[in-house]
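> When you get a sec, could you give me coordinates for this:
(one chain, ligands or ions: 1)
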Amino acid sequence: MRGLRLTGATIVALIAMTTTTPSATADGTGGLPVQASAPASTSAPAAPRIRVTAAVTLTRSQTRSVQRRVHVRADGRVGKQTRRAIRRYQSRKHLMRTGRPNLQTLRGMKLRFAETIAARMTRKAAATAASGPGVFPIQGPWRYGGANTTFASRGGDHQGIDLFAACGTPLVAASPGTVRTRKHQSRAGHYVVITGTPSGEDEVYMHLKSRSPLSVGDRVAAGTPIGQVGDTGRATGCHLHFELWTAPGWYAGGRPHDARPTLEAWAARAGNPATSGS
Ligand SMILES: [Zn+2]
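Numbers count the residues shown, from 1 in each chain. Coordinates of the predicted model:
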């Protein structure tokens, strides 16, 4: 990557994520994102793993905006000086030190176009998920709920989508990844968060009937059983509350978005469309 010659018009912004809290230990990579081809040992709280999960292109003027924030000559190119200045900025703001204007950094800089880029990446991730190895998580008949069960309903408070199915219906991981969280919470009930998926998104499964058999750090394949549909926590009727979060993930800097298009693609491929509801 170091030898890569960047054209004047564009640079590549990489989103990097870690499976644990981003920290100064990312510096062990020399500040550059590295591809984690082999999963770290799952037996212990492993050192942070950094993965390049998506790439977008910045225009020359966007690059200039970044350069102005880090106080280097704004020529629209990312050279050594710019990378060094970005690293300094990331260091100061306690961001992952990549030396690249990734989404986390663009947001840290409060640049307006960061959200445009975030939206573009979300669309790309959804497309990747739809064409990727994802499987529909409910292994049985299911249906949509009413108005209060869609994404961003309840005045924006509902961060997922509710899919209703009989209590006890098996649930599987939709995508391959690693268990980030497995807990019980008063509202979510028994829940599981899968991270490190091919799209870079975190998947959240709530209201499981009982504690998931998975443990934090477990690797899952698409289709690995994660529990059963239930109504633990604050739930009216047995359902899966499912959330998709953009990288770097669930309450780790990512944002929830509407999982419905992705779920529909998975359901269609599984030949398991909604039986009713909207
Ligand atoms: Zn819900």
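
> Now do the residue most central in space within the chain against the ion, distance only.
Nearest to the geometric centre of the chain sits residue 201, at 2.4 Å (Cα atoms, centre = their mean). For residue 201, the distance to the ion equals 18 Å [Cβ to the ion, to the nearest Å]. (Each C-beta comes from the backbone N, C-alpha and C, glycine too.)

> could you pull out the strands for this structure?
Under the criterion DSSP state E, the chain carries strands at the ranges 11-18, 50-58, 143-144, 161-164, 170-172, 177-185, 189-195, 202-208, 219-220, 225-228, 239-245, 256-257.

> Dump those to a markdown table, plus mean pLDDT and distance to residue 124.
As requested, the strands of the chain are exported to a markdown table (pLDDT from 0 to 100; distance: least, Cβ to Cβ, whole Å):
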| stretch | mean pLDDT | distance to residue 124 |
| --- | --- | --- |
| strand 11-18 | 36 | 11 |
| strand 50-58 | 51 | 6 |
| strand 143-144 | 95 | 25 |
| strand 161-164 | 97 | 20 |
| strand 170-172 | 96 | 25 |
| strand 177-185 | 96 | 18 |
| strand 189-195 | 97 | 18 |
| strand 202-208 | 98 | 16 |
| strand 219-220 | 94 | 23 |
| strand 225-228 | 96 | 26 |
| strand 239-245 | 97 | 13 |
| strand 256-257 | 94 | 12 |
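
> would you turn the ones you listed into a markdown table with distance to residue 263 and mean neighbour count?
Below are the strands of the chain laid out as a markdown table (distance: least, Cβ to Cβ, whole Å; neighbours: other Cβ atoms under 10 Å):
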| stretch | distance to residue 263 | mean neighbour count |
| --- | --- | --- |
| strand 11-18 | 22 | 24 |
| strand 50-58 | 20 | 20 |
| strand 143-144 | 10 | 16 |
| strand 161-164 | 7 | 24 |
| strand 170-172 | 13 | 18 |
| strand 177-185 | 16 | 19 |
| strand 189-195 | 15 | 25 |
| strand 202-208 | 10 | 26 |
| strand 219-220 | 18 | 18 |
| strand 225-228 | 15 | 21 |
| strand 239-245 | 7 | 25 |
| strand 256-257 | 12 | 21 |
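
> May I see the buried residues of stretch 88-102?
Buried residues in stretch 88-102, counted by 16 or more other Cβ atoms under 10 Å: 89-90, 95-102.

> Flag the least confident of those.
Across the set of those, residue 96 stands lowest in pLDDT, at 77.

> Hmm, that residue is touching residue 102, no?
Yes. Residue 96 is within contact range of residue 102, at 7.5 Å (criterion: Cβ atoms under 8 Å).

> quick revisit: format the strands of the chain as TSV; extra columns: distance to residue 85.
As requested, these are arranged in TSV below (distance: least, Cβ to Cβ, whole Å):
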stretch	distance to residue 85
strand 11-18	14
strand 50-58	15
strand 143-144	49
strand 161-164	42
strand 170-172	46
strand 177-185	32
strand 189-195	31
strand 202-208	31
strand 219-220	38
strand 225-228	44
strand 239-245	30
strand 256-257	32
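
> Can you say which of those is nearest to residue 73?
strand 11-18 (14.9 Å; Cβ to Cβ).

> Tell me who's in contact with residue 137.
Applying Cβ atoms under 8 Å, 6 or more residues apart in numbering, we find residue 137 in contact with 171-174, 205, 226, 240, 242, 266.

> try 6 Å this time
171-172, 174 (Cβ atoms under 6 Å, 6 or more residues apart in numbering).

> Any idea what the residue in the stretch 101-250 of the chain that the ion sits nearest to is bridged to?
Using Cβ to the ion, the closest approach of the stretch 101-250 of the chain to the ion is made by residue 241 at 3.4 Å. Beta-bridge partners of residue 241, counted by DSSP bridges, are residue 162, residue 206.

> Domain boundaries for this protein, per the record?
Domain ranges of the chain: 11-111, 143-270, per automatic domain parsing.

> Now find how far off-centre the last one is within its chain.
On the basis of Cα atoms, centre = their mean, to the nearest Å, domain 143-270 sits 13 Å off its chain's mean C-alpha point.

> From one end of stretch 93-100 to the other, what's the distance?
One end of stretch 93-100 to the other measures 14 Å (Cα to Cα, to the nearest Å).
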